[in-house]
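Asker: Sequence and computational prediction follow.
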Amino acid sequence: MPEQHAAGDNIASYCTKCKLNLDHAIVAMLGETIAKVKCKTCGSVHKYKDPSSPTTARTRTKKESAGTTAKTTNWDAAIAEAKGKEVAYNMAAKFQVGDIVNHDKFGKGVVMKIYPNKCDVLFQDRERLMATGN
Ligand SMILES: [Zn+2]
């Protein structure tokens, strides 16, 4: 059954003064459209604004590209799976695969591969070759 509106009826509308969705009374109809409403809270008469279609709708900005997201997921998984101890990074330290490295600048990383005197560490942004005492 279609809703029939008439002047004097109550209707929920967005109030331009109160900046809220409030009870309004219809003041004037324009054919089947509600032309003017009166706010029951502040008493102002203004155009009817459908409360279900907010004017403040914002489009979301994408922060990350797909590539970055994939890498972050790998890092998340690596951190979650890392069973090694968490150590502060320093060039003289000896690391093992699976250790969590805490770097001053790059943050947390996971040791992926060990080479003589260096290792591959997967940081959140990318993998880096780091010097070690191995
Ligand atoms: Zn109002």
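Answerer: Perfect, thanks for sending it. Numbers count the residues shown, from 1 in each chain.

Asker: from here on, contacts and neighbour counts on C-alpha atoms
Answerer: Will do.

Asker: next helix or strand past the helix or strand of the chain with the lowest mean pLDDT?
Answerer: None of the helices or strands of the chain scores lower by mean pLDDT, DSSP states H and E than helix 66-81, at a mean of 75. Of the helices and strands lying after helix 66-81 in sequence (DSSP states H and E), the nearest is strand 86-88.

Asker: Could I get the contacting residues of Ala7?
Answerer: Residues near Ala7 by C-alpha atoms under 8 Å, 6 or more residues apart in numbering: 25-29.

Asker: just how off-centre is the helix or strand hosting Val37 within its chain?
Answerer: Following DSSP H and E, one finds Val37 within strand 33-39. Mean-position distance between strand 33-39 and its chain equals 36 Å (C-alpha atoms, centre = their mean, to the nearest Å).

Asker: Now do the contacts for Ile11.
Answerer: 23-26.

Asker: And what about the closest residue to it other than its chain neighbours, helix, strand or coil?
Answerer: Nearest residue to Ile11, sequence neighbours excluded (C-alpha to C-alpha, 6 or more residues apart in numbering): His24, at 5.2 Å. In three-state terms, and counting by DSSP: H, G, I helix; E, B strand; the rest coil, His24 is strand.

Asker: residue contacts, His24?
Answerer: By C-alpha under 8 Å, 6+ apart, the contact list for His24 reads 10-13, 37-40.

Asker: Between these, which sits nearest the ion?
Answerer: Proximity of those to the ion (C-alpha to the ion) peaks at Cys39, which lies at 4.6 Å.

Asker: Quick check: that closest one vs Ile114, distance?
Answerer: Remark: distance between Cys39 and Ile114 (C-alpha to C-alpha, to the nearest Å) = 71 Å.

Asker: out of the two, which sits in the busier spot?
Answerer: Neighbour comparison, Cys39 and Ile114: the larger count goes to Cys39, with 27 against 18 (by other C-alpha atoms under 10 Å).

Asker: so how far is Glu32 from the residue lying closest to the more buried one once chain neighbours are set aside?
Answerer: Leaving aside its chain neighbours, Cys39 sits nearest to His24 (4.5 Å; criterion: C-alpha to C-alpha, 6+ apart). According to C-alpha to C-alpha, His24 and Glu32 sit 17 Å apart.
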